[in-house]
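[1] okay, predicted coordinates and the sequence, questions at the end:
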Amino acid sequence: MTGGCAGDVDSPVLRIALADLPEGQRIDAFVGDEPVQLIRRGDEVIARSLWCTHMGCRVHWEPTAERYQCPCHDGRFGAEGEVVGGPPREPLRQMAVRIENGTVLVEVQALTP
């Protein structure tokens, strides 16, 4: 799809009803080809990329350790996506989220590196 300017490309968007996101649970989804994890806290939804910021491997949430683990180079990220061990230097990327009429919209563009 193209946008209003030559060369612009619309970004993939995930749409999910806010009511379908259980409070406090981590839900994995995809925005286009990007694996993301959604976490609802009341009326706020946080979405973060599940690509490791070291070499781009997919991280997995380990509930018993309450952290994200990268299987490739032993990168570890805390519950909020912050680096807690291994070679990554940057936290997991937060994704752009907005809520419109009870629908959560998550875009590929990151809010923070």
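    In hand now; what should we look at?
[2] care to break this protein down by domain?
    12-47+93-113, 52-92 (automatic domain parsing).
[3] and the shortest one, end to end?
    Terminal residues of domain 52-92 are spaced 7 Å apart (Cα to Cα, to the nearest Å).
[4] ok but residue 19 is inside a strand, no?
    No. Counting by DSSP: H, G, I helix; E, B strand; the rest coil, residue 19 falls outside a strand, being helix.
[5] residue 108 - nearest residue in space that isn't next to it in sequence?
    residue 11 (4.6 Å; Cβ to Cβ, 6 or more residues apart in numbering). Yep, even glycine has a C-beta here, placed from its N, CA and C like the rest.
[6] residue 21 now?
    residue 40 (4.1 Å).
[7] how many residues are close by that neighbour?
    Look at residue 40: counted by other Cβ atoms under 10 Å, it has 19 neighbours.
[8] now it: how far from residue 55?
    30 Å (Cβ to Cβ, to the nearest Å).
[9] before we move on, what about residue 75?
    Taking Cβ to Cβ, one finds residue 75 at 8 Å from residue 55.
[10] more neighbours: which of those two?
    residue 75 (23 against 12).
[11] got the confidence number for that one?
    On pLDDT, residue 75 comes in at 96.
[12] surely it and residue 56 touch.
    No. Contact between residue 75 and residue 56 fails when scored by Cβ atoms under 8 Å: they sit 10.7 Å apart.
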